[in-house]
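Sequence and computational prediction follow.
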Amino acid sequence: MVLLHVAIWRWIAFRRHQPFGHLLTYWDANYYTAIARDGYHSGLFVFYPAYPLTLRAIAIPLGITEFQWLGAAFSTVMFALFVFICFRVSQRDALPDWMTPRTRLGWLFFLFAPASYVFHSHHTESLFLLLSFLSFYFSGTRRPVGGGFFGALCALTRNQGVFVGLTTSLLAAWVETTPARRVRAFFVTGLLCLLGVLGFLAFQTVVAGSPFAFMQSQQQGWSHVDSVGGALKTFVFGNPWQSVDPHNVLWYVTWWVFLAGAVMISRRQPALGIYVALSLLVQLMQGEFVNTFRYAAPVFPLFFFLGDACARRPRWFQVIAVSVLVLINLATARHYGLGEWAY
């Protein structure tokens, strides 16, 4: 997967006569570089601090100035750690359903998820992927303190970290055997995750003067709905900024496929099903589905489930599903390399 994406980007850079590193600076990657290099200032408060400030902490002692390369290397290492840890624990631990895949197609669906290029580029997804998995892993193996600790770190990494906090608390309670232990596990994990959320709000207060500066920045820089009606209009392309071009239709259809997956996951593992559903429903606040690929990318239970479900279908269905998935994946990586919207 990584080699295919790098080959596509290298070819684009060659044809455009531009440095390969320039392809690692598109869209949000450029903002992460600005934060890592110069710190936070107006307009950047929407971006969570764990990833860019970690890069800053690494770069300054080493004298690194090409943050896009550092970010790509860091993300690739975090992604490799996730794959390694996920594979190892699947061999030795009894884990909740779809924490790890049961089939090779489960792995393939995850590795070739539409926006998997973010796992080896200058983005937050790989760090969030590893932290969220560790949070669920510790909670799912009756270690609520570990689950809460990594859940708190998730709250400092992406807005989906709040969903991780809720999910890991529910998961910690789900795997316990008595009511008293369930209540204890839920509150221990939940309170630790809450500390992460409060830490993020405190950070925003210090650097921006307001605990909700990230929300104000988001409303100024991105489209958003201001009512339930606006959110519901999203389903019928009723918001003024929505369009029905082929890309938006693809994101729309994919969103519904993912939501169906969330519902089916909930039947066996409610906590992870809720996590997947919330990661999808939050997009309604933006009033469009243009971030479907990227929001879903680190939600690993979804792709593990879809791949495992596909493995139970006839071979002809598997061939079609995998072909469509890989084509979308490569097309999305190409769009990003061209500097076009690919989230």
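It's in.

All the helices of the stretch 151-300 of the chain, residue numbers only.
Using DSSP state H, counting those that start in this stretch, the helices of the stretch 151-300 of the chain run over 161-174, 179-208, 213-221, 228-233, 246-268, 270-281, 292-296, 300-311.

can you put those in JSON lines and add mean pLDDT, mean neighbour count and distance to Ala72?
For glycine as for every other residue, the C-beta is placed from the backbone atoms N, C-alpha and C. What follows is these, written out as JSON lines (pLDDT from 0 to 100; neighbours: other Cβ atoms under 10 Å; distance: least, Cβ to Cβ, whole Å):
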{"stretch": "helix 161-174", "mean pLDDT": "96", "mean neighbour count": "26", "distance to Ala72": "22"}
{"stretch": "helix 179-208", "mean pLDDT": "95", "mean neighbour count": "17", "distance to Ala72": "25"}
{"stretch": "helix 213-221", "mean pLDDT": "71", "mean neighbour count": "16", "distance to Ala72": "24"}
{"stretch": "helix 228-233", "mean pLDDT": "92", "mean neighbour count": "14", "distance to Ala72": "35"}
{"stretch": "helix 246-268", "mean pLDDT": "95", "mean neighbour count": "16", "distance to Ala72": "25"}
{"stretch": "helix 270-281", "mean pLDDT": "96", "mean neighbour count": "21", "distance to Ala72": "24"}
{"stretch": "helix 292-296", "mean pLDDT": "94", "mean neighbour count": "24", "distance to Ala72": "16"}
{"stretch": "helix 300-311", "mean pLDDT": "97", "mean neighbour count": "24", "distance to Ala72": "20"}
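
Go through those helices and name the closest to Ile64.
Nearest of the helices of the stretch 151-300 of the chain to Ile64, taken as Cβ to Cβ: helix 179-208 at 22.6 Å.

if we can go back for a sec, nearest to Leu55, out of the helices of the stretch 151-300 of the chain?
Nearest to Leu55 among the helices of the stretch 151-300 of the chain is helix 179-208; the distance by Cβ to Cβ comes to 16.2 Å.
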